[in-house]
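# Have a look; sequence and predicted model below, questions after that.
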Amino acid sequence: MPGRWGGVRSATARAIALAILVASGRARAQDPQPPKEPVAVDKLMERLEALERRDAENAALREQVRVLQDRLEKLEGSPKPEGGGGAGSEKPAGDPPAAGRAAGADFSQVAGGAGEAEARPGWTEVGKNLEMKTTWNNGIQMSTLDDAFRFHIGGRVDFDSAWFRQDPNLLVGDANGDRLRDGGDFRRMRLRADGRFWDNIDFVFEVNFANFQDFSNTGQQVTIGSVGLTDVNVTFREVPILGNLKVGHLLPPISLEHMTSSNFVYYMERSPAFDAFINRFDYANGANAFDSFFDDRATLSAAILRTGSRTVNPFGAGAGDGEYGAAARATFLPIYKDEGRRLLHLGASLMHRALDEDSTSPSDRSLVRSGAGREIPNVMAVGRFYSPRGQYYINPEVAAIFGRWSFSAEYLYTGLPSTYARQLNRNVFLDPRGAGFFQGLYAEMGYFLTEGDSRRYNRKLGTFDRTVPMENAWFMKTGRGRPTVGRGAVQLLARYSFLDLVSGNPVLTPRPARGPAWRTT
């Protein structure tokens with residue numbers, strides 16, 4: 001058909017050209033003016049072909065504009081025009097679930113009958129065009145035009161080096177010979193793959209190759225040399241009532257600094273309260289429902305989890321009858337201006353969990369560390385005790401960004417309704433000690449010396465986000481051999497924290513920290 005149509009079109013064009021020549025000849029015969037040189041048929045054909053090419057280019061541009069309009073309308077949450085296509089990275093509220101989609105499927109297959117697509121203009125077909133483009137987005141990222149399918153490969157490497165000068169009278173660890181030793185280590189070394197399928201399923205698979213599995217140190221027996229799992233889960237997006245549902249090995253929703261990625265926190269180590277109480281429950285197996293509301297000014301997250309210290313091991317496995325937990329976190333932005341350069345964040349978290357074999361032993365390590373996990377001694381520790389009724393957490397949080405300035409603070413209160421010093425068997429405990437409680441707090445502040453730089457915030461998750469410098473840092477020579485310099489983002493930091501591990505007789509251990517930070521990209 002294309003070849004036949006092309007022949008008909010060519011013959012028609014030639015007939016039109018001949019008719020024009022005949023008409024022009026008649027006009028010249030009746031015109032008393034001097035005759036002009038006739039227009040050649042070949043030139044007319046060239047003009048017609050040029051017009052056809054221009055029409056084809058205009059049609060392609062119109063199609064591109066239509067696709068971009070569809071994506072923009074989807075991002076803004078406005079209804080689709082009838083027959084529209086393309087999908088943005090975020091689905092507008094009220095879209096029907098994307099169940100039942102298949103590669104190359106049309107709306108008669110997805111919606112259940114021919115013509116139903118026109119009856120439901122808000123629906124969007126995905127998987128029609130599976131061609132992917134590759135770009136750089138803090139890692140290698142491939143995605144389809146409608147962003148319904150995407151795949152990203154990335155990772156992180158944190159290298160730490162430390163030198164200590166320890167007073168002989170300062171005792172750390174479980175034995176008098178334990179010392180804080182000079183050294184270096186890879187604090188984090190992770191390889192990550194994440195992406196999206198059919199616009200409604202996200203996945204994350206992240207492996208940690210550094211030998212720092214959660215709270216392993218000189219006081220615990222942990223297999224050395226094995227890789228570990230961090231985020232390994234799938235998220236079902238836009239689920240009715242629940243919002244988004246994440247299932248797998250995940251972070252329990254508690255604490256601002258806990259939910260903020262280690263890529264985006266101020267320091268390589270989080271606060272002492274985190275290390276003593278949350279880090280031993282850093283990742284767990286479970287299900288987490290979360291969503292944002294009021295134009296992303298509020299978030300709510302709730303999770304059911306398999307608990308216990310043994311759940312948080314290098315392979316994400318855990319077993320124990322009745323050892324479960326529940327956690328919930330809510331945040332709100334009463335102030336949000338200048339695209340996040342001015343904001344006030346308020347939030348709170350609650351969690352209750354059963355203890356692994358009904359026992360726990362809170363401890364804290366130095367905020368500056370070196371060496372393998374088992375070579376890092378505790379600087380504070382509480383002996384093992386038992387709590388058959390589990391442990392609960394209360395964690396209010398506040399944060400603010402004001403241009404170059406940023407601030408965050410959290411208070412953690414954790415209690416155990418009944419504690420015992422000894423255990424006779426699985427259900428019999430001896431030497432009751434009453435209720436126990438512990439607490440911790442931190443407050444930190446940052447100021448960017450470089451103009452235009454500001455801390456970023458993720459409104460959909462209620463956490464801090466990646467700080468992107470206004471100008472990358474570099475030091476290179478030009479083609480003429482002259483040096484050229486990029487500044488990056490330079491920030492001054494300060495933090496104050498304390499931890500109370502003496503239940504009923506508070507003894508505060510202040511931990512000030514300060515220093516500069518330089519972000520190159």
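Happy to help now that I have it.
# Tell me which stretches of the chain form helices.
For the chain, the helices defined by DSSP state H cover 2-30, 41-76, 107-110, 116-119, 256-259, 272-273.
# buried sites along the longest one?
Within helix 41-76, the residues scored as buried using 16 or more other C-beta atoms under 10 Å are 44, 48, 67, 70-71, 73-74. For the C-beta atoms, the positions are set from N, CA and C on the backbone; glycine is no exception.
# that older thread, among the helices of the chain, which gets the worst mean confidence?
Ranked by mean pLDDT, the helices of the chain end with helix 107-110 at the bottom, a mean of 36.
# Quick check, pLDDT for Gly481.
Listed pLDDT for Gly481 reads 80.
# Run through the residues that contact it.
Applying C-beta atoms under 8 Å, 6 or more residues apart in numbering, we find Gly481 in contact with no residue.
# So, low pLDDT: which residues of the stretch 251-400 of the chain?
By pLDDT under 70, the low-scoring segments of the stretch 251-400 of the chain are 308-322, 371-375.
# how does it look with 50?
Residues of the stretch 251-400 of the chain that meet the criterion pLDDT under 50 lie in 311-312.
# Show me how the record splits this structure into domains.
Annotated domains of the chain cover 1-51, 246-519 [automatic domain parsing].
# Any idea which of these gets closest to Ala162?
domain 246-519 (4.1 Å; C-beta to C-beta).
# can you count the residues close to the residue lying closest to Gly434 once chain neighbours are set aside?
Counting by C-beta to C-beta, 6 or more residues apart in numbering, Gly434 lies nearest to Thr419, which is 6.7 Å off, once chain neighbours are set aside. By other C-beta atoms under 10 Å, the residues close to Thr419 number 22.
# same question, Thr484
Residues near Thr484, counting by other C-beta under 10 Å, number 9.
# if I look at it, how far off is Lys133?
31 Å (C-beta to C-beta, to the nearest Å).
# what do you get for His352?
Taking C-beta to C-beta, one finds His352 at 46 Å from Lys133.
# Look at those two and report which has more neighbours.
The neighbour count for His352 versus Lys133, taken as other C-beta under 10 Å, is higher for His352 (16 against 10).
# who are the neighbours in contact with that one?
His352 neighbours (C-beta under 8 Å, 6+ apart): 325-327, 390-393.
# Now the buried members of those.
Among the contacts of His352, the ones that count as buried by 16+ other C-beta under 10 Å are 325, 327, 390-393.
# Thr520: which of these is nearest?
Among the buried ones among the contacts of His352, Ala327 lies closest to Thr520 (C-beta to C-beta), at 35.4 Å.
# from memory the closest one sits against Thr307, does it?
No: taking C-beta atoms under 8 Å as the definition, Ala327 is not a contact partner of Thr307, at 9.7 Å.
# Need the residues touching each of those two.
Arg353.
# Okay, the residue nearest to Ile278 when sequence neighbours are not counted and Glu57: tell me how far apart.
Sequence neighbours aside, His258 is the residue nearest to Ile278 in space, at 5.4 Å (criterion: C-beta to C-beta, 6+ apart). Using C-beta to C-beta, His258 is found at 54 Å from Glu57.
# Ok, Ser271 next?
As judged by C-beta to C-beta, Ser271 and Glu57 stand 60 Å apart.
# swap in Tyr324?
For Tyr324, the distance to Glu57 - C-beta to C-beta - is 62 Å.
# What of Asp295?
Asp295 is 40 Å from Glu57, by C-beta to C-beta.
# With Gly390 instead?
69 Å.
# Tyr386 too?
77 Å.
# And Glu49, by the same measure?
Distance from Glu49 to Glu57, by C-beta to C-beta: 13 Å.
# and Val368, how many residues sit next to it?
15.
# That one reaches Arg165, doesn't it?
No: Val368 lies out of contact with Arg165 (C-beta under 8 Å); the separation is 11.7 Å.
# who touches both of these two?
Counting by C-beta under 8 Å, 6+ apart, nothing touches both Val368 and Arg165.
# can you give me the strands in the stretch 101-250 of the chain?
132-136, 140-144, 150-162, 183-197, 201-208, 228-239, 243-250 (DSSP state E, counting those that start in this stretch).
# Tell me which of these lies nearest to Asp275.
strand 183-197 (13.1 Å).
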